[in-house]
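*Asks:* Pasting the sequence and the predicted coordinates here, then a few questions.
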Amino acid sequence: MTTSTVLLVADLTGVAVFAASGASAAVAKRLDLFGVAFVGVVAALGGGIFRDLVIDEVPPLAFADWRYAVTAAAIAAAVFWLHPQLARLRTTVLVLDAAGLGLFTVTGTLKALDAHVPPVGACMIGMLTAIGGGLGRDLLTGEIPVVLRREIYALAALAGSILVAVLSAYGQAHPVGLILAVALVIVLRLVSLGRRWSAPVATLRPPRTGTRGPRG
């Protein structure tokens, strides 16, 4: 299996899981079929569109290759019709989101490296590709984007993109190594949720009360 084929399979798999994640979140907000499909498509394709525009691959694959849009729409529609079964699994959205995060981290970083973007820039593109779909999903469903919360989300993607860049630098960017990078992101994301890890948050001092006024 060639690298391009691996990238295509990983990309479409990421599209599918992010479409399912977005559609599940939309179903939870009681949107109609069009709304569920729209949120699913945005969640699935948003990060990839950003990636392709940044590396000057136009038109983006989401528009140039029909398989991307069809996969996203079909999965979102399937989630709409099958949501009673999926609703029984409380962690469905979180697991799908973690899987999409890992897959898009790897494909985004690899495509940036293939476009001769320096490693630091490629890592940033990989991270932004991974979080772009979730950002669009949360904004459309009226949630505070998960990347802005105290959870380990973008940091997990950044760790995965760094691993991909290191593997590529040493000529080890083969399927096994890339699967390990995907697994790293998924494990970091899910373990951080289970253990309630979070990034540091600024501590605000409460306003002073009972201060003396000016003397008369």
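*Replies:* Nice, I can see it. Residues are numbered from 1 along each chain as shown.
*Asks:* Does Gly121 touch Thr109 like I think?
*Replies:* No. With contact defined as CB atoms under 8 Å, Gly121 does not reach Thr109; the gap is 10.1 Å. Any C-beta I mention is one placed from the backbone N, CA and C, and that applies to glycine too.
*Asks:* For these two, indicate the residue with more neighbours.
*Replies:* Between Gly121 and Thr109, Thr109 has the larger neighbour count (other CB atoms under 10 Å), namely 34 against 16.
*Asks:* which non-adjacent residue is nearest that one?
*Replies:* Nearest residue to Thr109, sequence neighbours excluded (CB to CB, 6 or more residues apart in numbering): Gly126, at 3.1 Å.
*Asks:* I'd guess that neighbour is in a helix, am I close?
*Replies:* Yes. Per DSSP: H, G, I helix; E, B strand; the rest coil, Gly126 lies within a helix segment.
*Asks:* ok, now which ones touch Gly14?
*Replies:* Gly14 sits next to Ala44, Gly48, Ala99, Gly100, Leu103, Phe104, Thr107 when contact means CB atoms under 8 Å, 6 or more residues apart in numbering.
*Asks:* Show only the entries of these found in helices.
*Replies:* If you go by DSSP state H, these have Ala44, Gly48, Ala99, Gly100, Leu103, Phe104, Thr107 in helices.
*Asks:* So the fourth one sits against Phe18, correct?
*Replies:* Yes. Using CB under 8 Å, Gly100 is in contact with Phe18, at 3.8 Å.
*Asks:* Can you check which residues contact both of these two?
*Replies:* Applying CB under 8 Å, 6+ apart, one finds that Gly100 and Phe18 are jointly contacted by Ala43, Ala44, Gly133, Gly134.
*Asks:* Identify the farthest-apart pair in these.
*Replies:* Based on CB to CB, the longest span within these runs between Ala44 and Gly134 and measures 10.6 Å.
*Asks:* average model confidence for stretch 191-209?
*Replies:* Mean pLDDT, computed over stretch 191-209, is 73.
*Asks:* swap in stretch 137-153?
*Replies:* 82.
*Asks:* Now do the buried residues in it.
*Replies:* By neighbour count with 16 or more other CB atoms under 10 Å, stretch 137-153 contains the buried residues Arg137, Asp138, Leu140, Thr141, Val146, Val147, Glu151, Ile152, Tyr153.
*Asks:* Between the two ends of that stretch, how far is it?
*Replies:* End-to-end distance of stretch 137-153 (CA to CA, to the nearest Å): 14 Å.
*Asks:* How far off centre is it?
*Replies:* Chain-centre distance of stretch 137-153: 11 Å, with CA atoms, centre = their mean, to the nearest Å.
*Asks:* what sits up against it?
*Replies:* Applying CB under 8 Å, 6+ apart, the contact partners of stretch 137-153 are 18, 21-22, 25-26, 28-29, 31, 38-39, 42-43, 97, 101, 131, 134-135, 154, 188-189, 192-193, 197-199, 201.
*Asks:* Only the buried residues of the helix or strand bottoming out on mean pLDDT in the chain, if you could.
*Replies:* Least confident element among the helices and strands of the chain, by mean pLDDT, DSSP states H and E: helix 3-28 (a mean of 83). Residues of helix 3-28 classed as buried by neighbour count (16+ other CB under 10 Å): 6-8, 10-27.
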